[in-house]
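Q: Mind folding the following:
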Amino acid sequence: MDLLAVHRVPRMARPSYLLEVRHLFLWGMFAGMFEGTVSAVVVSKTFLAGPWLITTVMATPMVANVLGMVWGSIITGRRKIPIFVTLGLIASAVVASVAFTPMTPAGGYIFLAQILAARVLLSGCLTVRSSLWKHNYPGSTRGQIAARLQLVRFSMGIGIVALASSLFDVNPRIYVIAYPIAGVIGAISVWMLRPMRVRGEAAELAEIRAGRKGKPRTFNPVRDVIDVFTHDRDYRKYCVAMMFLGFANIMVMPLMVIIVTKRLDLSYFISGGLLEILPRVIMMASLIPWAHMFDKWGVVRFRVINAAAWTASSAFAGVAAWIILQDAAIPVWLFMIAMIAIAVSRVFEGAGKGGGSIAWNIGHLHFAEPARAEVYMGAHVFLTGLRGLTAPFVGTWLYTYYGSLAFGVAVVLALIGLLVFRSLAGDQHRARASVEAATPANAVDKGADVLLSKRGYSS
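A: The predicted structure follows:
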């Protein structure tokens, strides 16, 4: 249990933490079987998909998130665990149904529909999980707790990706067994979460009901999202930065799958190793350092450094693509440089994912009022889905007609996102200085710190 640092988790949060560790141990195996990269490799090599179908499958996790604002409005004011269990069980059944998909090019489109349906359901689970972390874990250590929980999940995912890739190399038809097993594991992991107690949920639901004063519950996710961005300037600017950075990241993802599985024609295992296993190992190694940085600096300064890692990933990927896509034969030494550049790109992507896996799940909590956390998360997830609907296809279109120039566009967009984060960090630093200058030295109280930290400011 040393790696899980149970003794560092506040005593009242430990029961939830331990329950979630056991849940995520199995959940990681389940989710690992249909992460975007894994699914893209399977549809490319098992169902012989072309570049556009590969791109669409790769985009499914992000596309599903377009329903984020819907999930946020649905979940607000309702009990969280029953929603999570219901969505998770249905998603498990959908993943198991891949066993009945024919191993033909047409089967690739059925596979796409199954993966998309599972991702839509799991986007609701993501929104619920964020709310659980808001309720059950204190803000001062939430980043470190989230990092250790993610460590459990992704460590199991690495093993599953490695095992599945090896089995697919032996027999591509192994999917008729692998996906039902994944579905059963997913169902068990979801069922294990049923006893979790959500601290403060009853009081929050009562407060929401009292606020309605007998009025019927309204469902207007578009209005909720517009209201968030209209009244919260800092969060609006934060999301603008995320649009640039996220668009750059997502447009590169399918291009790497196309280059590795089609242009280089690498095996399932090597493709999975480069595209998924190596980044996951780096991500896991970086989680705890990122978590300490997140808790110490706040989400905005944290995102500046995180954006630099993502930008470097796109830059090295672009170097590799430029070499590999040369029309003339390239010497062995130059090809080796390209392979090293791909590996370095994956290392930076893993580092970016390590920080992103923390900030993506809980970064919005620095801005949101407690009763509106689900709406903030819904807005954030919706914008991720919007990027997923466009960025992969823009990237593939640029790659199809302009080759490695697509990576140059991604680097420019990522740099713009980084600069917007820096600008927001500067705004917040000046605001803190203004608050402290206007407050007597003996009265810079906890209330001011709490107010500022809620807006993403760091001490």
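Q: which regions of the chain sit below the pLDDT cut-off?
A: Scanning the chain for pLDDT under 70 picks out 1-5, 36, 67-69, 72, 211-221, 370-371, 439-459.
Q: can you give me the strands in it?
A: Shown for the chain, no strands are assigned by DSSP state E.
Q: My read is that Ser130 contacts Gly363, right?
A: No: Ser130 is not in contact with Gly363 according to C-beta atoms under 8 Å; the separation is 9.7 Å. (Glycine included, C-beta is placed from N, CA and C.)
Q: Trp27 versus Leu193, what's the distance?
A: 9 Å (C-beta to C-beta, to the nearest Å).
Q: typo on my end, it should be Glu204
A: Where Trp27 is concerned, Glu204 sits at a distance of 25 Å (C-beta to C-beta).
Q: With Pro61 instead?
A: For Pro61, the distance to Trp27 - C-beta to C-beta - is 15 Å.
Q: which residues of the stretch 1-150 of the chain fall in helices?
A: Secondary structure of the stretch 1-150 of the chain (DSSP state H, counting those that start in this stretch): helices at 14-32, 36-45, 51-64, 68-75, 80-96, 105-136, 142-170.
Q: Need the contact partners of stretch 99-116.
A: Residues from elsewhere that reach stretch 99-116 (C-beta atoms under 8 Å, 6 or more residues apart in numbering): 34, 39, 42-43, 46-49, 53, 56-57, 60, 63-64, 94-95, 97-98, 172-173, 175-177, 179-180.
Q: Selecting buried members of those residues in ChimeraX, what would you type?
A: Selection of buried members from the contacts of stretch 99-116 for ChimeraX, criterion 16 or more other C-beta atoms under 10 Å:
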select :34,39,42,43,46,47,49,53,56,57,60,63,64,94,95,97,98,175,179,180
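Q: what residues are up against Val268?
A: Heads up, residue 268 is Tyr, not Val. 41, 45, 165-166, 168-169, 172.
Q: Repeat that for Leu325.
A: Neighbours of Leu325 in contact, by C-beta under 8 Å, 6+ apart: 263, 403-404.
Q: Could you check stretch 110-129 and say which residues are buried?
A: In stretch 110-129, counting by 16+ other C-beta under 10 Å, buried: 110-112, 114-129.
Q: Tell me where the stretch 251-400 of the chain has helices.
A: Under DSSP H, counting those that start in this stretch, the stretch 251-400 of the chain gives helices at 268-272, 278-297, 299-324, 332-362, 373-402.
Q: Redo these as TSV? Include distance to Phe244.
A: Putting the helices of the stretch 251-400 of the chain into TSV (distance: least, C-beta to C-beta, whole Å) gives the following:
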stretch	distance to Phe244
helix 268-272	29
helix 278-297	21
helix 299-324	9
helix 332-362	14
helix 373-402	10
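Q: Quick one: closest of those helices to Asp234.
A: Nearest of the helices of the stretch 251-400 of the chain to Asp234, taken as C-beta to C-beta: helix 299-324 at 8.2 Å.
Q: Which neighbouring elements make contact with that closest one?
A: With contacts defined as 3 or more C-beta pairs under 8 Å, 6 or more residues apart in numbering; DSSP states H and E, the packing partners of helix 299-324 are helix 233-258, helix 278-297, helix 332-362, helix 405-437.
Q: Deepest-packed of those, please.
A: Mean neighbours per residue, mean count of other C-beta atoms under 10 Å, is largest over those for helix 233-258, with a mean of 23.
Q: That helix relative to helix 332-362, how many degrees between them?
A: 140 degrees (axes from the mean of the first three to the mean of the last three C-alpha atoms, to 10 degrees).
Q: re the thing from before, what about burial for the contacts of Leu325, which qualify?
A: For those, buried by 16+ other C-beta under 10 Å: 403-404.
Q: Quickly name whichever of the contacts of Leu325 is closest to Phe244.
A: Nearest member of these to Phe244, counting by C-beta to C-beta, is Ser404, at 20.4 Å.
Q: what's that closest one in contact with, if anything?
A: Ser404 touches 318, 321-322, 325, counting by C-beta under 8 Å, 6+ apart.
Q: Closest one to Val299 out of the residues you listed, please.
A: Gly318 (28.0 Å).
Q: about what we covered before: can I get the helices of the stretch 1-150 of the chain in CSV with distance to Val435?
A: Formatted as CSV, the helices of the stretch 1-150 of the chain follow (distance: least, C-beta to C-beta, whole Å):
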stretch, distance to Val435
helix 14-32, 34
helix 36-45, 42
helix 51-64, 37
helix 68-75, 30
helix 80-96, 34
helix 105-136, 25
helix 142-170, 23
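Q: nearest to Leu415, of the helices of the stretch 251-400 of the chain?
A: Closest among the helices of the stretch 251-400 of the chain, using C-beta to C-beta: helix 299-324, at 5.9 Å.
Q: hang on, the earlier thing: between Leu193 and Trp27, who's got more neighbours?
A: Taking neighbours as other C-beta atoms under 10 Å, Leu193 and Trp27 compare with Trp27 leading, 27 against 22.
Q: in terms of contact, does the more buried one touch Arg153 like I think?
A: Yes: using C-beta under 8 Å, Trp27 and Arg153 qualify as a contacting pair, with a distance of 6.0 Å.
Q: my guess is Gly378 contacts Thr127, does it?
A: Yes: judged on C-beta under 8 Å, Gly378 makes contact with Thr127 at a distance of 6.2 Å.
Q: Report the separation between the nearest residue to Arg303 once chain neighbours are set aside and Phe100.
A: Nearest non-adjacent residue to Arg303, counting by C-beta to C-beta, 6 or more residues apart in numbering: Phe421, 4.7 Å away. Separation of Phe421 from Phe100 (C-beta to C-beta) stands at 45 Å.
Q: For Gln299, give me its contacts.
A: If you look again at residue 299, you'll see it is Val, not Gln. 238, 359, 363, 366, 456.
Q: TSV for the residues you listed, including distance to Ala187?
A: Shown next, in TSV, are these (distance: C-beta to C-beta, whole Å):
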residue	distance to Ala187
Tyr238	36
Ala359	30
Gly363	30
His366	34
Gly456	38
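Q: now, which of the residues you listed sits nearest Thr230?
A: Distances from Thr230 to the contacts of Val299, taken by C-beta to C-beta, are shortest for Tyr238, at 14.7 Å.
Q: and that closest one, how far is that from Glu349?
A: On the measure of C-beta to C-beta, Tyr238 and Glu349 end up 22 Å apart.
Q: wait, doesn't Tyr17 sit right on His7?
A: No: taking contacts as C-beta under 8 Å, Tyr17 lies outside contact range of His7: 11.0 Å.
Q: quick one: which of those two has more around it?
A: Between Tyr17 and His7, counted using other C-beta under 10 Å, the more crowded position is Tyr17 (19 against 9).
Q: residues touching the nearest residue to the more buried one once chain neighbours are set aside, list them.
A: Here the nearest residue to Tyr17 in space, its sequence neighbours aside, is Val9; by C-beta to C-beta, 6+ apart that works out to 4.9 Å. Residues near Val9 by C-beta under 8 Å, 6+ apart: 17, 137, 141, 145.
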